[in-house]
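> how would this look folded up:
(chains A and B)
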Amino acid sequence: MAEDEGRGGSLALRPKGGYTNNGFVQSEDSPSTVAPADCSLPVLAPPAALDLGQPYAGMPKEVLLQFSGRTCYRLPRELLFWLTVASVLALTAATAATIVLSPRCLDWWQDGPMYQIYPRSFRDSDGDGDGDLPGVLEKLDYLASLHVKTLWLTSFYKSPLKDFRHGVEDFREVDPMFGTMRDFEDLVAAVHDRGLKLIMDFIPNHTSDRHAWFQLSRNRTGKYSSYYIWHNCTQDGGTVPPNNWLSVYGNSSWHFDPVRNQCYFHQFTSQQPDLNFRSPHVQEEMSDILRFWLSKGVDGFSLNSVKFLLEAQHLRDEPQVYRNQSPDTVTQYSELYHDFTTTQVGLHDLVRSFRQTLDQQSREPGRYRFLGTEASGESVDSTMMYYGQPFVQEADFPFNSLLSSLDTPSGGQVSHAIMTWLQNMPEGKWPNWMTGSPEQARISSRLGKEYVNLMNLLVFTLPGTPITYYGEEIGMGDTEAISLNETYDKSTLFAKAPMQWDNSSNAGFSGGVQAWLPPADDYLTVNVDAQKMQPGSALRFYQELGQLRAGELLLSRGWFCPVVAQGPSVAFVRELPGMDRALLVVGHFGEPTTLNLQALVPGLPAHVRVRLSTSPAMQGQKVDTAAIPLTLGVGLLLDYATSTLLHRDPALSHSCFMASHACYSPMLGILHRSC
Amino acid sequence: MEETSLRKRREDEKSIQSNEPKSTNLQKEVGLVSGICIIVGTIIGSGIFISPKSVLSNTEAVGPCLIIWATCGVLATLGALCFAELGTMITKSGGEYPYLMEAFGPIPAYLFSWTSLFVIKPTSFAIICLSFSEYVSAPFYSGCKPPELVVKCLAAAAILLITTVNALSVRLGSYVQNLFTAAKLVIVAIIIISGLVLLAQGNTKNFENSFEGSKLTVGAISLAFYNGLWAYDGWNQLNYITEELKNPFRNLPLAIVIGIPLVTGCYILMNVSYFTVMTTTELLQSQAVAVTFGDRVLYPASWVVPLFVAFSTIGAANGTCFTAGRLVYVAGREGHMLKLLSYISVKRLTPAPAIIFYGIIAIIYIIPGNINSLVNYFSFTAWFFYGLTVLGLIVMRFTRKDLERPIKVPIVIPILVTLVSIFLVLAPIISEPAMEYLYCVIFILSGLLFYFPFVHYKSGWAQKISNPVTMYLQMLMEVVPPEDDPK
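Numbering: from 1, shown residues only, chains lettered A, B, ... in the order given. Next comes the predicted model:
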C-alpha cells in the first residue's frame, strides 16, 4: 500500500502538467529567501512575516500554497509529470517498434499439421458400410487430440462412382453417400468451434458426363455448347480422333458423342469430359463454385489435377517417347510427351484467378483462405511454378509428394527429397511434407513398418507444414482389396482401407454388417483404441510430436541445416538466432551402426539428452554424440544447449534454409527481424 | 522558447486565477448530454462489435435472441430507475457506496468500496484497455495473436494517458468522453443504417422462421439473460458522479431514461443488421462480428469499422476511469480509504489522487499474465452489490421514511430487480461451482482485517505513518481536502 502511495505521487504530477506555477512560487518564495530550500522537514519554520503556520497533513489550500511552490516540491512534481508523459511516449514507441520489427506471423496453414481424410473410409456413422461426414464429426475430439490444425477432406461432391468421385455430377451438392449439405455445415461449424480449419478438394478440370452442363452442351444449348472441348471427328461414316492425344488411363482421349455428333476431349476416363477453360463462362462458373463453398465457411481448397486444366488449341500431335514405335500402337499414356495437353501457357493465370477469388473472401481477420495445388508427377521446376511470383500470388504451396512417393527406405534418398524441395522453392515461400495420400501405398507397406515413426518424426521436425494421411498416425498398412461390386482399378484401393478405430468387427469403422472395403488384417493390434493406452505406440509418438511442434519455436521458425545428407542416415539441426539451444534430428535407414556427429556439428556437446525417440528405451537418455547408436528405422530428437549457429558457419551456410527471417529475443520473449 | 513558455505561464496563471473564486471542490460540470454520453459510452464498449454472440449461442435462433436483448434492456432500465430514486434521494457521488452506507451502515459500504477499488473497477479498466490495444495491434498481426509485449505496452500507455487526462481536468475528461461517444454512435449508426437498407432490399432470409431451432430450456434462457445483462453493465455509471451533475434532480433520471433505452435500441438494431448479412452459424463463428459485417457491406470502406471500434473501446475506458475515480474519492472522504484519496487538486479541481490511485492499480493488473479469469470469478460480486443496494432502497422505504424522494418508483420494481440480482449471483455459481468463488468471498471479507484497526479504531500508529506521507504527497500534488465537505 505504502508503495502504491509512493507511486501515486509519481502520477500525481500530471495534474500540474504544463502549468508551472512559477509565478506564484517565485513571488512567495522570494520573501522567504531566508528559508533554505530544505523541505524534508515538516517542522521547517515558515517565514514569520507570513505566519501561516506549518504544513500538516490535511492542510487547507492557504497553507498548502505557501509551501507547494518550493523547488523541492515543484521539481519532483514536474519531473514526475514529464516522466509520465515520457513513459506514455516511450510505451507507444516501444509498441510501434515491436510491431515494425515483428516478422510476419505464421498463418493457420503454416502453424499446425494438416490431416487428410478420405471420408468414405474414415468413420461410418449410419452403418451402411460407407464412411460419411457425420462420421468425421464424431471423431473430431480424436483429431483434436492429435494436435492437427487443418482437416483436409478429399472429394465428397455428388458424383457417380467412376474414378473415386473425381467426376463431379454437381459441384454444389454433397454425395448422398456422405450425408447432406446440412451435415457438411454442421461439420464446418464443429470444426471451427474447436479452433480447427477445414479444406476440401476442388476438381475443376472435368465433370462427370452426367453433369447438367454436359447434357446441355451435348444439345448445343446456348453458352453451354462451348463448356466442353468438342471437335469434329467423323470421317467417311467412321470415327477418327482429331489427333494422337491419349487419356491418362490409356487410349485416345477423344470420345465420340452420338448426340452432338462430335468428339469430346477427356484427360481421364471417357465418363469425365474435360471442361473448356478457354471459355470465360466456365471460368466464371468455377469462381462461383469456389464462392459457394467459401460462403459455407470452407477455409481453403486443394486444387486437383491442375496441370490438365488447359490443352493446346492447335491440336497438333504430341511427340512419341519412342520414335520408332508405330503410331497405331501408341496407346499408353507414358508413350507420349504431353507437351500440348499439360501445363499450357495460361494455366498459371487460371490458378491466379482462383487465388484472387479466395483473396476476396480472405479479408476478414483470421479468415485467410488457403489454396494448395496437387501436382504429382510433375517436374520440380514446374511444381515450384505454383508458388507464384513475388508479386503475383498463386498457391500457398503445391503439395509436396516427394516423400510420399519414395519407394525405398534410404537416408540418401530422403535427404535428396528434402533438399530438392528446399533448394528449388522460391525464396520466402513455405514448404510442406506429405507422407501419404489416397493414391500411394502407405508408409508401412511402402517402406516398412519400422519407418512409420521415423517418417512422422521427420515431417514434424522439418521446416514447413506436415501433412498426414489418415491412418499414418497409427501405422496402418495397405489393404488387400477383395470383393468389390464396383469397377475400380484395384491398385488405387490399397491406401483406402477403413480407419482402424478398435478391435471390434470392421475395426470400429462401421457398425454395419460389411464395410465397403475390408479393414487390413492387422487391425486387431494396429488400432486407435489399443495404441491410445500403449506407451511407445505410433499414436502416442504422433501425439507427442504434435505437442512438441505446437510449442517449439525452433521447429516452427528456426533455421534448417542438414548435417548428414548421405549414406543410410539423415541428420539436421534446427536453430534460431537468440535461442541458446538447438534441436538435432537424426534418422537412420539401414543396418545398426554408430554415428559420430561430434565432428559434423560444431558446438555439439559430448553428451546430449534425447528429447524424443522412436524407440521408447532411448527417450530421456543421454547419448554420446561421438557414437550415437542407431538401429533400423530409429529416429532421435536431441535437445542441446549451444551458442554456435550453424547457418553462420561458412562451411554449412550454403545448405541452410529459413522460410522467413526471424530472431528470438530471450529478454523480451518475442521474435524480431533485426538480425 | 523561454519567452513563449513564460507567456504561457502567465496565461495559465490567469486562467487559474479566474478559477480562484470557486471553492476547492468538484465542480458541477456534467450536463445532460455529457451524462447521456457517459451512460451510452460506458455501456457500449467493444462487446457488441466483437462478440455479441453470448445471447445467441444460448438461444440458437434469431427470434428469441432479439427478444432477450430487448428484455435485458428493460431490466437494465428498471435497475437504473431504482438507482435514479436513490441518486436523487441521496445526492452523493460514489454509486452504491453512499446508498449502502445510508441503508446498512458503514461495513457493507466499506466492503463494497474495498472490492470495487481493488478488484472490480481497476480490472475492468485494465481489461478494456487491454482489449483496446489488442484491437489496435491486431491488423499488424494477421493470422496470429499479437505478442503480449505489444498488447501490454499499448494498454499501459492508454491507461497512463486516460488517467492523465482525467486528473488534469474534469472538463477535458468529459469532452473526451463526448467525442468518443460521438464516434461510437457514428459507427453504430453506420451499421444500423446499412442493415436497414439491406433489410429494405429484401435480405430477410435469416429472419424467416426465426423461432425455429431455438432451444428454450430454462437453463439456456437464464444463461442468455445472464450474458445479455452483462452487455448492459454500466447502467449505474451516472450515480458515481451525482455531485458533479448540473441539476441532478432533473438530469440524473432524464439521462437514465434517455440513455438506457437508447442503448437497448442500438443493441437490437445492430443485431438485426448483423442478421441481414450473417446466418446464426456465421455470426457465432466470426472472430469480430462488426468487422465481418463491415467487410461484407461496406467494402472497400470496411476499415472504418475497426477504427471506430477502437475509438469506442477507448471511450469506454475513459468513462470507467472518469466515474470510478469518484468512488475512490468518496470512500476516501468517508475515511474508508486514505483521506488523501479524497483530496482535490487546488488548481485543477479534479480528484487527482483518486484517479491516479485508480490508474496505478489498473497498471499493476495488466502486468501479470491473464486477468480474465480473475474478472470472471469476481463478476458475480457486481450483481451482489447491485442487489444489495436495491434491497437497501426497499429497506429505506421503511426505515428512512422522512427522506425526500423527488422520484419514487413503484415498490414492485426494486423487488423485481432484487430477485433478478439474486438469480444472477447464484446462476453462475450453481451452473459451474468452483472453489474460486469461495476465494472471492474470502477476499471480500478480508477487507475487514483493515477495517477494524484502521477505520473503526483509527489506531494512532497508523496515523503517525500516514501523516507525513499525506503531507508530502499533498505538497507534491497540490491537493487539499474539499471545502464544505458535505459530511
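
> Please identify the helix or strand for residue B:28.
According to DSSP states H and E, residue B:28 maps onto no helix or strand at all.

> ok, how many other residues are close to the closest residue in space to it that isn't next to it in sequence?
Among residues not flanking residue B:28 along the chain, residue B:246 sits closest, at 4.8 Å (Cβ to Cβ, 6 or more residues apart in numbering or on different chains). All C-beta spots, glycine's among them, are computed from the backbone N, C-alpha and C. Neighbourhood size, residue B:246 [other Cβ atoms under 10 Å in any protein chain shown]: 14.

> What does residue B:246 show for phi and psi?
Main-chain dihedrals, residue B:246, degrees, to the nearest 10: phi -70, psi 130.

> ok, and what's touching stretch A:93-111?
Contact with stretch A:93-111 is made by A:149-150, A:197, A:299-300, A:366, A:368, A:370, A:396, A:430, A:464-465, A:556-557, A:660-662, A:668, A:670-674, B:133, B:137, B:140-144, B:146-147, B:149-150, B:153-154, B:157, as judged by Cβ atoms under 8 Å, 6 or more residues apart in numbering or on different chains.

> try 7 Å
A:149-150, A:197, A:300, A:368, A:370, A:396, A:430, A:465, A:556, A:660-662, A:670-674, B:137, B:140-141, B:143-144, B:147, B:149-150, B:153-154, B:157 (Cβ atoms under 7 Å, 6 or more residues apart in numbering or on different chains).

> Show me how to select, in ChimeraX, the buried members of these.
Only the buried entries of the contacts of stretch A:93-111 go into this ChimeraX selection, using 16 or more other Cβ atoms under 10 Å in any protein chain shown:
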select /A:149,150,197,300,368,370,396,430,465,556,660,661,662,670,671,672 /B:137,141,143,144,147,149,150,153,154,157
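
> Look up how far residue B:34 lies from the residue nearest to residue B:28.
Separation of residue B:246 from residue B:34 (Cβ to Cβ, to the nearest Å) stands at 9 Å.

> Helices - which of the contacts of stretch A:93-111 land there?
Judged by DSSP state H, helices contain the following of those: A:556, B:137, B:149-150, B:153-154, B:157.

> just to revisit the earlier point, can you pull the contacts of the residue nearest to residue B:28?
Applying Cβ under 7 Å, 6+ apart to residue B:246 gives the contacts B:28, B:30-31.

> Check which helix or strand residue 354 maps to.
As the question left the chain open, I've gone with chain A. Assigned by DSSP H and E, residue A:354 belongs to helix A:347-360.

> wait, chain B
helix B:352-366.

> average pLDDT across that helix?
Mean pLDDT, helix B:352-366: 90.

> Quick check: residues of the stretch 301-450 of chain B near chain A?
Proximity of the stretch 301-450 of chain B to chain A, by Cβ under 7 Å from any Cβ of the partner chain, involves residues B:339, B:345-348, B:350, B:352-353, B:356-357, B:359-360.

> Can you lay out the ones in helices among the contacts of stretch A:93-111 as JSON lines showing pLDDT and distance to residue A:182?
Output for these, formatted as JSON lines (pLDDT from 0 to 100; distance: Cβ to Cβ, whole Å):
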{"residue": "A:556", "pLDDT": "92", "distance to residue A:182": "37"}
{"residue": "B:137", "pLDDT": "87", "distance to residue A:182": "39"}
{"residue": "B:149", "pLDDT": "88", "distance to residue A:182": "45"}
{"residue": "B:150", "pLDDT": "90", "distance to residue A:182": "42"}
{"residue": "B:153", "pLDDT": "92", "distance to residue A:182": "47"}
{"residue": "B:154", "pLDDT": "93", "distance to residue A:182": "44"}
{"residue": "B:157", "pLDDT": "95", "distance to residue A:182": "49"}
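
> how close does the nearest residue to residue A:416 once chain neighbours are set aside get to residue A:413?
Distances taken as Cβ to Cβ, 6+ apart place residue A:565 nearest to residue A:416, at 7.8 Å, with adjacent residues excluded. Note on residue A:565: its distance to residue A:413, by Cβ to Cβ, is 11 Å.

> swap in residue B:110?
From residue B:110 to residue A:413 the distance is 77 Å (Cβ to Cβ).

> More neighbours: those two, which one.
Neighbour tally, residue B:110 and residue A:413, criterion other Cβ under 10 Å: the higher count belongs to residue B:110, 24 against 16.

> Just the pLDDT at that one, thanks.
Residue B:110 is assigned 91 on the pLDDT scale.

> other SSEs contacting the helix or strand containing it?
Using DSSP H and E, residue B:110 maps to helix B:106-115. For helix B:106-115, the elements it packs on are helix B:96-104, helix B:372-399, helix B:435-450, judged by 3 or more Cβ pairs under 7 Å, 6 or more residues apart in numbering or on different chains; DSSP states H and E.

> can you tell which of these is closest to residue B:75?
Closest approach to residue B:75 among the helices and strands packed on helix B:106-115 (Cβ to Cβ): helix B:372-399, 11.0 Å.

> Could you figure out how far the closest one is turned away from helix B:435-450?
Counting by axes from the mean of the first three to the mean of the last three Cα atoms, to 10 degrees, helix B:372-399 points 60 degrees away from the direction of helix B:435-450.

> Can you give me the distance of the residue of the stretch 151-300 of chain B found nearest chain A to residue A:94?
Taking Cβ to the nearest Cβ, chain A has its nearest neighbour within the stretch 151-300 of chain B at residue B:157, 3.8 Å off. Separation of residue B:157 from residue A:94 (Cβ to Cβ): 9 Å.

> what do you get for residue A:238?
As defined by Cβ to Cβ, residue A:238 lies at a distance of 81 Å from residue A:94.

> Where does pLDDT dip in the stretch 101-250 of chain A?
In the predicted model, the stretch 101-250 of chain A carries pLDDT under 70 at residues A:161-165.

> So for residue B:20, what's the pLDDT?
43.

> residues in contact with residue 142?
Picked chain A for this. For residue A:142, the contacting residues are residue A:528, by Cβ under 7 Å, 6+ apart.

> Hmm, no, I was thinking of chain B.
Applying Cβ under 7 Å, 6+ apart, we find residue B:142 in contact with residue A:365.

> Quick check: phi and psi on it?
The phi/psi pair for residue B:142 (degrees, to the nearest 10) is phi -70, psi 130.

> Get me the contact residues on the stretch 351-500 of chain A for chain B.
So the stretch 351-500 of chain A meets chain B at A:363-366, A:368 (Cβ under 7 Å from any Cβ).

> which one of the residues you listed sits closest to residue B:414?
Nearest member of those to residue B:414, counting by Cβ to Cβ, is residue A:365, at 43.6 Å.

> pretty sure the closest one is touching residue B:289, no?
No: Residue A:365 is beyond contact range of residue B:289, at 11.0 Å (criterion: Cβ atoms under 7 Å).

> Excluding chain neighbours, what is closest to the residue in the stretch 451-600 of chain A positioned nearest to chain B?
Nearest residue of the stretch 451-600 of chain A to chain B (Cβ to the nearest Cβ) works out as residue A:556 at 10.8 Å. Nearest non-adjacent residue to residue A:556, counting by Cβ to Cβ, 6+ apart: residue A:106, 6.2 Å away.
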